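1. give me a model of this one.
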Amino acid sequence: MTQISTVDAVAEKLREDDVRYVRFEMSDIMGIPRSKTVPIGAFSSFAKKGVNMYGGTLGLDSGSYVVPDTGIAEEVGYMDAFLIPDLSTLTVLPWDRRSASLICTPHWGQNRVPLEQAPRNLLQVQLDKAHAMGFSVKSGHELEFYLYDGETKEPLFAGQHIFATARNHYTDFINDLMDTLTEMGFELTTHNAEYAPSQFEINFAPQDGMSGADSAFRFKAIVKEFAARNGLLATFMSKPQLGLAGCGYHLHMGLNDANSGENKFNDPDDPDGLSEMALQFTAGILAHTNALTALMAPTINCYHRFQKGSFAPSRATWGIEDRTALLRMKASRDKATHLEMRGGAGMANPYLFQAATLAAGLIGIEQKLTLADPKPGLAEDDATAPALPQTLGEALACLESDTDLCAVLGDPFVRLFTTVKRFELDRAQQHISDWEHNEYLELY
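-> Below is the predicted model:
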């Protein structure tokens, strides 16, 4: 990714590289990339003033339906927003070197006021808050996905082969994908086959500030587009098939001193190597877990994944190096000490997942919340720990009732998110499932 900072310098570099088209991309609240493509001749003008796009695009639901009563549609006359690019995110697409991509954030009107509901803006507010408290934020985003044949929608192989060398590189596509990601600036760390048939995981190094979420947003889009160009279907769907492993999204996060870079979660004098701040941050997330669930598991399908014994936590728990816990503290007693939030579903929006988790943790520090010691044994076996919401509807209600978290995320965002999600729920309830048809058609 380029470090060029001015529009004219970027335009000159693009022409030198024979780039002819630039995608101006943003994340909607679903985490789906929405974009317009600009020919290189019009690039400088649009990069300076922004690319106009229907503002309500931010709040389309998963079927791309225009949702009423969101605050950004009919209420503002279905007006345009302007996509303002972050020039530091410029990258050329290795599979089509005529094209480049820029990540943007939407702004309103002639004064270019940021849409506070936009996921990337929402995360920036929390990063700024952390910085004002004296912290820099580092995050790592660990995502699982399935690869299917593009025509049959069947896995490339059967069976459970986690870490099996014979399956890690079963298809040349994986090596080509890893080469592509590396060329686009990803610092890859590990790759392996996952637990289910044709399920994979490719991990990349943690990054500072916005870069972690930007990379996760872009990673999901690259995997899907590159797979499609190779006759495959890649999906981060949380539970594509019952009885098989879901696609998880583990968010790793730590706080460093904004000036010295010192890890604020590490305390060499503590028996567990954890600072009081680390415990307060963890306590904040646990205190707001029910509300967070709507953002880390944002679709109906996600709730099939929360099952005991599946390494997808079903209770609000924490533990030190405990893989069954919702919050797994990686207490390495050094600068790598951090928290792993294991509740995320593959369908979560990276910006919203990170923003809400960070917001809850900072609330814990501000309020100096205390954290009870974890119970002996596996965290998932603690029947006294609160269960996570069992449905998206329940999670949305928990979000709306969490006054502290809503105050931090802002009423405009909460209104937009819950309205779009309830619209999606209503559409689902109007659908007659295959189960209902098979169960009742002949019997009744």
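
2. check the residue nearest the centre of the chain and give its pLDDT.
-> Most central in the chain under C-alpha atoms, centre = their mean is residue 350, positioned 1.8 Å from the mean C-alpha point. On pLDDT, residue 350 comes in at 98.

3. count of neighbours near residue 16?
-> Neighbours of residue 16 under the rule other C-beta atoms under 10 Å: 8. (Each C-beta comes from the backbone N, C-alpha and C, glycine too.)

4. and for residue 80?
-> 18.

5. what's the answer for residue 427, then?
-> Counted with other C-beta under 10 Å, residue 427 comes out at 13.

6. residue 123 sits in which helix or strand?
-> helix 119-132 (DSSP states H and E).

7. my bad, residue 47
-> Per DSSP H and E: helix 43-49 holds residue 47.

8. elements contacting that helix?
-> helix 7-16 (3 or more C-beta pairs under 8 Å, 6 or more residues apart in numbering; DSSP states H and E).

9. packing partners for the helix it packs on?
-> helix 43-49.

10. which helix or strand lies directly C-terminal to the helix it packs on?
-> That would be, after helix 43-49 and using DSSP H and E, strand 51-54.

11. sorry, back to before: what comes up buried for the following helix or strand past the helix holding residue 123?
-> Next helix or strand after helix 119-132 toward the C-terminus (DSSP H and E): strand 135-149. Neighbour counts using 16 or more other C-beta atoms under 10 Å place 135-148 of strand 135-149 among the buried residues.

12. likewise for stretch 31-43?
-> In stretch 31-43, counting by 16+ other C-beta under 10 Å, buried: 31-36, 38, 40, 43.

13. narrow those residues to those in strands?
-> 33-36, 38 (DSSP state E).

14. for the helix or strand hosting residue 343, packing partners?
-> In this structure, residue 343 sits in strand 338-345 according to DSSP H and E. With contacts taken as 3+ C-beta pairs under 8 Å, 6+ apart, strand 338-345 sits against strand 248-257, helix 276-287, helix 289-296, strand 327-330, helix 350-366.

15. repeat that for 7 Å
-> Strand 338-345 sits against strand 248-257, helix 276-287, helix 289-296, strand 327-330, with contacts defined as 3 or more C-beta pairs under 7 Å, 6 or more residues apart in numbering; DSSP states H and E.

16. just those: most buried one?
-> Most buried of these, by mean neighbour count (mean count of other C-beta atoms under 10 Å): helix 289-296, with a mean of 26.

17. just the mean pLDDT for that helix, thanks.
-> pLDDT averaged over helix 289-296 gives 98.

18. may I have that helix exported as PDB, CA atoms only?
-> Presented in PDB, the C-alpha positions along helix 289-296 are these (Å, rounded to 0.1, in the frame of the first residue of the first chain):
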ATOM      1  CA  THR A 289     -21.400  -8.600  26.100                       C
ATOM      2  CA  ASN A 290     -25.200  -9.000  25.500                       C
ATOM      3  CA  ALA A 291     -25.300  -5.700  23.600                       C
ATOM      4  CA  LEU A 292     -22.100  -6.500  21.800                       C
ATOM      5  CA  THR A 293     -23.500  -9.700  20.500                       C
ATOM      6  CA  ALA A 294     -25.700  -7.900  18.000                       C
ATOM      7  CA  LEU A 295     -22.500  -6.500  16.400                       C
ATOM      8  CA  MET A 296     -20.300  -9.500  16.600                       C
END
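
19. give me the residues contacting that helix.
-> Here helix 289-296 makes contact (C-beta atoms under 7 Å, 6 or more residues apart in numbering) with 285, 316, 326, 343-345, 348, 352-353, 356-357, 360, 388-389, 392, 395-396, 398-399, 402, 405.

20. need the max-distance pair from the buried residues of stretch 31-43.
-> 31 and 40 (28.3 Å; C-beta to C-beta).

21. out of the helices and strands packed on strand 338-345, nearest to residue 83?
-> Judging the helices and strands packed on strand 338-345 by C-beta to C-beta, what sits closest to residue 83 is helix 289-296, at 23.1 Å.

22. the domain parsing of this structure - what is it?
-> Domain assignment for the chain by automatic domain parsing gives 7-115, 124-409.

23. and residue 415, which of those domains is closest to it?
-> domain 7-115 (5.4 Å).

24. span of the closest one from start to end?
-> 22 Å (C-alpha to C-alpha, to the nearest Å).

25. and it, how far out from the chain's middle?
-> 19 Å (C-alpha atoms, centre = their mean, to the nearest Å).

26. tell me what the helix or strand bottoming out on mean pLDDT in the chain is packed against?
-> Across the helices and strands of the chain, mean confidence by mean pLDDT, DSSP states H and E is lowest for helix 165-168: a mean of 86. With contacts taken as 3+ C-beta pairs under 7 Å, 6+ apart, helix 165-168 sits against strand 188-193.

27. export the strand it packs on as PDB, just CAs?
-> Extracted in PDB, the C-alpha atoms of strand 188-193 (Å, rounded to 0.1, in the frame of the first residue of the first chain):
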ATOM      1  CA  LEU A 188       0.900 -13.100   6.400                       C
ATOM      2  CA  THR A 189       1.700 -15.100   9.400                       C
ATOM      3  CA  THR A 190       0.100 -18.600   9.200                       C
ATOM      4  CA  HIS A 191      -2.200 -20.600   7.000                       C
ATOM      5  CA  ASN A 192      -4.000 -23.900   7.600                       C
ATOM      6  CA  ALA A 193      -7.000 -26.000   6.700                       C
END
